[in-house]
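Engineer: Here is my input; please provide its structure:
(chains A and B)
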Amino acid sequence: MRGVTHYFFAAALVSLIPPVMLMAVYEKSFIIVLAAIAGILPDYIDFKIIRFLWRVDEEIIPEWPIPNTERIAKRIAELIDEAWEKMRTINVQIHTIKTGPNTWRRWYIHFDPTKQKVKVGIGPIQTFGGRIFEATIEDIPEDMRVSEAKFSAPLVYGYKDRTVKISILTGPMISFVPREDHLEVVFLPWHRYMSHSIPLAGLFSIITLLIALLLGAPMSKAAIYAVAFFVGYISHIISDQFGYMGSNLFWPFTKRRVEGMKIAESMDPYANFLLFWISATILVWQMNTSITPRPISFPWTYTILGAEICIGYILFLMIIPSILIIVARFLFWKPKGDPYLRNLLEEEYGELLG
Amino acid sequence: MDVVVLVGYLLLGVIVGSAFSMMPSLHIYNVAPIFILIAPQLGIPPEALVMFLLGNVIGFATMNTISTIFFSAPDDTTFLILLPSQVMLNNGRGFEVALLMGLGCLVGAIILIAVAPFLLLVFPVFMSLITPHIHWILALFLFYILLSEFPKDIGIGKSRLSRLKEGWRNLAAGYLTFILSALLGFIIMNTYIIPVEAAYFGMLPAFIGLFAIPSLIMNIVSRVRIPEQEIQKSIDASPLDVIKGGVAGFSGGFLAAVIPALTGGMGSVVAGQAVGQREESQFLVSIGASRFVYYVGAFFFLFIPGYTIVRGGLANLTATYYIPNRYSEFYAAIAGIALGSVLAFIMLVVASFVIAKNIHRIRYDYMSVAIIVVLTAITYMTTGLIGVVIMVIGTGIGLIPLIYGSRRLHCLAVIIFPLMLNMAGISGSFARLLGLG
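Structural biologist: Below is the predicted model of the structure:
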């Protein structure tokens, strides 16, 4: 999910913990903000810390202004063979081609494990927002636009979409990981590896508890802050698990990502908006019920197990809009390519865009 | 007073407001007090003056985009479009940017008019709902802006630390901008550094310094030359782009109009991310809509009969003089917004056409120097020497994100941070912490 979705979803979930809203209103506490920060923290750790500290064995830096596609294709093929021959993981950081303050030249890497070939192609210049200047492809001589190179390793490319598009801001990292009988291509190996971990959420919550105690909060209050942090952090991991990629849920005890439930893609705009909408309606409901007398008296409100529930609110503001968003998604959203790879790359750009 | 006459005053307000708003960084909130002062001497009745002021705000919201698009002097809502609009201006498409922004203003006006009658029912309840929560809502937005900036470059080099350092250059610059802006805003709002007689203009020097002058300095340093502009007969945006941008912009602008200290730009960034907006033309439309709803909507709330909902500096000042409380005034204001937004759009198109036709003849660096001189004069005349000092400090802070490529949005901490502390009731403690109490 997008950062903004995680952030508001965490805030909404934590607002459901009974004392939280009361603390926010009557003690002017920022506990909801703390939980929201926890909700964005796993991606913050990945994109702002771990990605820099991850080992880089090779960098692919395209020449400027005319990239040498032949050299790049040859080097990638060499790296594939080297990883297989030496049976060691090679992490390759791929760089973008920046052509101006808001423009980049798009380029591609195409993996063909069947023919054991890697192809590199150069595309047109595009802006940050995705506007393509088609004519700029003419800047590159025709014979230098595409090159290919052969490799001999038994490459397994698990993503259906075999062309990696490298466009704006920073490029992705690719890992060539040797397994028993093949060499696997793993995209963004550092993402959702350490940070999206339930034990780590527990550890951070204990740290929150200790900080709250150190700042003089009584144990009961410190515990609420710790629980709020845990709920916020876990909300991120759970919502990501609805996607395709999944996460390494029990790091440091496990080493590989657990596949997601494939219900919605992490960068699906409709899924993100749906979760954002539900979060907003939960927050508004909780804001209303935390004030006495209630600013809005909703009809058909019942108290069930101590919690106020309004059928009209749930039906007209949560269920019906959610159905409309889901219907709109099936009618209007037609993504192309492989969801795993698209999500990985789009998430990379999406996170960079905020 | 006759509704037609009231609407006439509003349209006059649009023309006068638009004329003043072409001056880079001259905020209508700084000109309007003069109208409030001279209106009684001219025999203008209060209800007509309020409509005239609403017209001023409509003209400003629409026309002041020119100073960002063509003169690189943005304010706290338009600085977000500076980069895409400069790229388009350098590609000879400045006129198209103005059309997209103007279209955004029109879409914002249409949605505002459509929801206006419902505001009578919803708005007072909504206000009582959010008021006890404003401190954490502001903090929620503030920290999102702070945390959602991601490194734009991972750097080249095999050392992990060198990559971390490279990647954190823009992040650290962003955080530094945030902290310094927050401190500057806190000091201005919680001390008597700005003389009491100039209190109404308190934030003006900081805003000019943070948002307008840094980009003008960059123009001078980089010796920008603007190419001849094309006059497009159509815009490069589909109806769906316009609708999506308009709706996101309206949501952001409305949120900002309702919640104190939140600005239209900030609101539409969050709204735009919630709907997954990325396309440039959509973004320009959304900022146009957001800006219109933020300024015009905030002032329009004053017209909601039976309540005194004061949002924004000009509404605050106007409320001390006259508060509209009749339904006829409310509906006249809606009609005025409908006609005024069209008039302002036409004026924007004409003015942009003339400027786009001639801007390549002007030495942009000389013009930037001239604008800086005018802005300094405005700051000095309104807030004195201390205002100029604050403007210079603000300029220093505002240059950080431009030099290091971080988000200029962090500069908004200048207003949000002190208000957030104020709403949470901890301004005093923080002032003591800084040795100000």
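
Engineer: from here on, contacts and neighbour counts on C-alpha atoms
Structural biologist: Noted.

Engineer: mind listing the strands for the stretch 101-250 of chain A?
Structural biologist: Applying DSSP state E, counting those that start in this stretch to the stretch 101-250 of chain A gives strands spanning A:103-112, A:117-127, A:132-133, A:146-150, A:155-156, A:163-166, A:173-178, A:183-187.

Engineer: name the helices or strands packed onto the last one?
Structural biologist: Other elements packing on strand A:183-187 under the criterion 3 or more C-alpha pairs under 8 Å, 6 or more residues apart in numbering or on different chains; DSSP states H and E are helix A:69-85, strand A:155-156, strand A:173-178.

Engineer: Give me the packing partners of the first one, helices and strands only.
Structural biologist: Put plainly, it is helix A:69-85. strand A:117-127, strand A:146-150, strand A:173-178, strand A:183-187.

Engineer: now with 7 Å?
Structural biologist: strand A:117-127, strand A:146-150, strand A:173-178 (3 or more C-alpha pairs under 7 Å, 6 or more residues apart in numbering or on different chains; DSSP states H and E).

Engineer: For the longest one, give the mean pLDDT please.
Structural biologist: Meaning strand A:117-127. Mean pLDDT, computed over strand A:117-127, is 89.

Engineer: Parallel or antiparallel, list what pairs with that strand.
Structural biologist: Next to strand A:117-127 in the sheet, as set by DSSP bridges, lie strand A:103-112 (antiparallel), strand A:132-133 (antiparallel), strand A:146-150 (antiparallel).

Engineer: which other residues reach that strand?
Structural biologist: With contacts defined as C-alpha atoms under 7 Å, 6 or more residues apart in numbering or on different chains, strand A:117-127 is touched by A:69, A:73, A:77, A:102-112, A:132-134, A:136-137, A:145-151.

Engineer: The shortest one now?
Structural biologist: By C-alpha under 7 Å, 6+ apart, the list of residues contacting strand A:146-150 from outside reads A:69-70, A:73-74, A:77, A:116-122.

Engineer: Would you reformat those residues as JSON lines and include distance to residue A:177?
Structural biologist: Converted to JSON lines, the contacts of strand A:146-150 look like this (distance: C-alpha to C-alpha, whole Å):
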{"residue": "A:69", "distance to residue A:177": "24"}
{"residue": "A:70", "distance to residue A:177": "24"}
{"residue": "A:73", "distance to residue A:177": "19"}
{"residue": "A:74", "distance to residue A:177": "19"}
{"residue": "A:77", "distance to residue A:177": "14"}
{"residue": "A:116", "distance to residue A:177": "16"}
{"residue": "A:117", "distance to residue A:177": "18"}
{"residue": "A:118", "distance to residue A:177": "17"}
{"residue": "A:119", "distance to residue A:177": "20"}
{"residue": "A:120", "distance to residue A:177": "21"}
{"residue": "A:121", "distance to residue A:177": "24"}
{"residue": "A:122", "distance to residue A:177": "26"}
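
Engineer: Which pair of those spans the longest distance?
Structural biologist: Greatest spatial distance in the contacts of strand A:146-150: A:116 and A:122, 20.4 Å, computed using C-alpha to C-alpha.

Engineer: tell me which parts of chain A are close to chain B?
Structural biologist: Listed as neighbours of chain B in chain A under the rule C-alpha under 7 Å from any C-alpha of the partner chain: A:3-5, A:25, A:28, A:30, A:33, A:48, A:52-53, A:56, A:129-130, A:169-170, A:269, A:272-273, A:276, A:287-288, A:295-296, A:351-352, A:354.

Engineer: Check which helices and strands the host helix or strand of residue B:207 sits against.
Structural biologist: Secondary structure from DSSP states H and E places residue B:207 in helix B:204-207. If contacts are counted by 3+ C-alpha pairs under 7 Å, 6+ apart, helix B:204-207 sits against helix B:364-404.

Engineer: returning to what we had before: just the residues contacting the helix holding residue B:207, thanks.
Structural biologist: Among residues not part of helix B:204-207, those counted as contacts by C-alpha under 7 Å, 6+ apart are B:76, B:379, B:387-388, B:390-391, B:394.
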